[in-house]
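S.K.: turn this into a model:
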Amino acid sequence: MIEPMITAWKQDRVARSATGDPGSCDLREIVNAIFYQNRTGCQWRYLPHDLPSWSAVFYYFGLWRQDGLDQRISELLRCQVRRAAAHVPPG
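M.R.: Predicted coordinates for the structure are as follows:
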């Protein structure tokens with residue numbers, strides 16, 4: 001659901017880059033790590049080792065906040081939850 005937003009952000013970022021380097025991080029794993037940190041409240045340095053390095057996750061988190069991507073993702077997810085809740089029969 002959020003992949004198109006992240007892909008567009010990445011393409012724009014690479015186009016504006018001086019080197020044109022797309023980076024080597026799997027952005028899906030970055031998203032997983034940010035969601036994990038948000039859900040657990042753990043310190044960045046204590047992210048599980050099966051996720052990307054904490055410094056890479058924190059780097060992307062900062063870029064996305066700076067570019068407003070985090071807010072756009074939050075709004076998209078919030079709208080989806082509200083839409084889904086409106087279709088749930090009262091119980």
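S.K.: where does the chain dip in pLDDT?
M.R.: 17-23, 88-91 (pLDDT under 70).
S.K.: so where do the helices sit in the chain?
M.R.: Secondary structure of the chain (DSSP state H): helices at 3-16, 27-40, 54-67, 69-86.
S.K.: angle of the third one against helix 3-16?
M.R.: Computed with axes from the mean of the first three to the mean of the last three C-alpha atoms, to 10 degrees, the direction of helix 54-67 lies at 90 degrees from that of helix 3-16.
S.K.: check which helices and strands helix 54-67 is in contact with.
M.R.: Applying 3 or more C-beta pairs under 8 Å, 6 or more residues apart in numbering; DSSP states H and E, one finds that helix 54-67 contacts helix 3-16, helix 27-40, helix 69-86. The C-beta positions use only the backbone N, C-alpha and C, and glycine is treated the same way.
S.K.: dump these to TSV, plus mean neighbour count and distance to residue 63.
M.R.: Converted to TSV, those look like this (neighbours: other C-beta atoms under 10 Å; distance: least, C-beta to C-beta, whole Å):
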stretch	mean neighbour count	distance to residue 63
helix 3-16	12	8
helix 27-40	15	10
helix 69-86	12	8
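S.K.: identify whichever of those lies nearest to residue 62.
M.R.: When the helices and strands packed on helix 54-67 are compared for distance to residue 62 using C-beta to C-beta, the nearest one is helix 69-86, at 9.8 Å.
S.K.: correct me if wrong: residue 44 contacts residue 37.
M.R.: Yes - if you go by C-beta atoms under 8 Å, residue 44 and residue 37 touch, sitting 6.5 Å apart.
S.K.: which residues do those two both contact?
M.R.: Jointly contacting residue 44 and residue 37 under the rule C-beta atoms under 8 Å, 6 or more residues apart in numbering are residue 57.
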